[in-house]
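Asker: Dropping the sequence and predicted coords here.
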Amino acid sequence: MLYSFLKTAHVLSIIVWIGGMVFAHFFLRPAVSALEPPVRLRLMHEVLGRFFNVITWLSLVALFTGAWMMGRVAKEVVQSGGQFNMPLDWTLMSVLGTLMVLIFGHIRFALYGRMRRAVAASDWAGAGTALQKIRQWVTVNMALGLGIVVVTLLL
């Protein structure tokens, strides 16, 4: 029962994280591109702030639940006298997922911090530059996340 609950929390956290990146990249960003910089950048600052606050917690949920599930399976295999060899898809998922969390940390705490300070100072050029960097790194994370999903479904 606990394993099923944690697996559900793991999968739902990934769905929200990847889905949010897809929404922001392919739907929100193009829709707000026609707005004047002060309006667009304030809006993106508010939306990303809310999203990043949620993803901070969900990324930790994904890390914790993934590690717990791998540990539980490894423990059960060893206790039954077997030797645990982590499957390739689990290895890829854990390495790339950890990389995603690290990239998100850079986006959330460094790049978004720059954007927040620029918006507060009405430095629209600086805010735009920070937002562009955020978009680039979100694209990388989105590609990693979608790649993980594809690999784990195919292996």
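Answerer: That came in fine, so what should we check first? Residues are numbered from 1 along each chain as shown.
Asker: which SSE is residue 47 in?
Answerer: Following DSSP states H and E, the helix or strand that holds residue 47 is helix 37-79.
Asker: which strands and helices sit next to that helix?
Answerer: When contacts are defined as 3 or more C-beta pairs under 8 Å, 6 or more residues apart in numbering; DSSP states H and E, helix 37-79 packs onto helix 2-23, helix 29-32, helix 88-105, helix 112-120, helix 124-154. (Each C-beta comes from the backbone N, C-alpha and C, glycine too.)
Asker: List the buried residues in the first one.
Answerer: Spelled out, it's helix 2-23. Residues 6, 10, 13, 14, 16, 17, 18, 20, 21 are the ones in helix 2-23 that count as buried (16 or more other C-beta atoms under 10 Å).
Asker: Relative to residue 105, how far out is residue 42?
Answerer: 24 Å (C-beta to C-beta, to the nearest Å).
Asker: ok, these two, which is more surrounded?
Answerer: Higher neighbour count among residue 42 and residue 105: residue 42, with 15 against 12, using other C-beta atoms under 10 Å.
Asker: Relative to residue 97, how far out is that one?
Answerer: Residue 42 is 32 Å from residue 97, by C-beta to C-beta.
Asker: you'd agree residue 21 is up against residue 145?
Answerer: Yes: Residue 21 is within contact range of residue 145, at 6.9 Å (criterion: C-beta atoms under 8 Å).
Asker: secondary structure class for residue 82?
Answerer: coil (DSSP: H, G, I helix; E, B strand; the rest coil).
Asker: Over to it: give its phi and psi.
Answerer: Per-residue torsions, residue 82: phi -90, psi 180 (degrees, to the nearest 10).
Asker: distance of it from residue 60?
Answerer: 30 Å.
Asker: Residue 125 versus the closest residue in space to residue 13 that isn't next to it in sequence, what's the distance?
Answerer: Once flanking residues are discounted, residue 13 sits nearest to residue 58: 4.0 Å by C-beta to C-beta, 6 or more residues apart in numbering. Residue 58 is 32 Å from residue 125, where distance means C-beta to C-beta.
Asker: One more: residue 6?
Answerer: 45 Å.
Asker: which one of residue 58 and residue 125 has more residues nearby?
Answerer: Between residue 58 and residue 125, counted using other C-beta under 10 Å, residue 58 has the larger neighbour count: 20 against 10.
Asker: Tell me who's in contact with that one.
Answerer: 13, 16, 17 (C-beta atoms under 8 Å, 6 or more residues apart in numbering).
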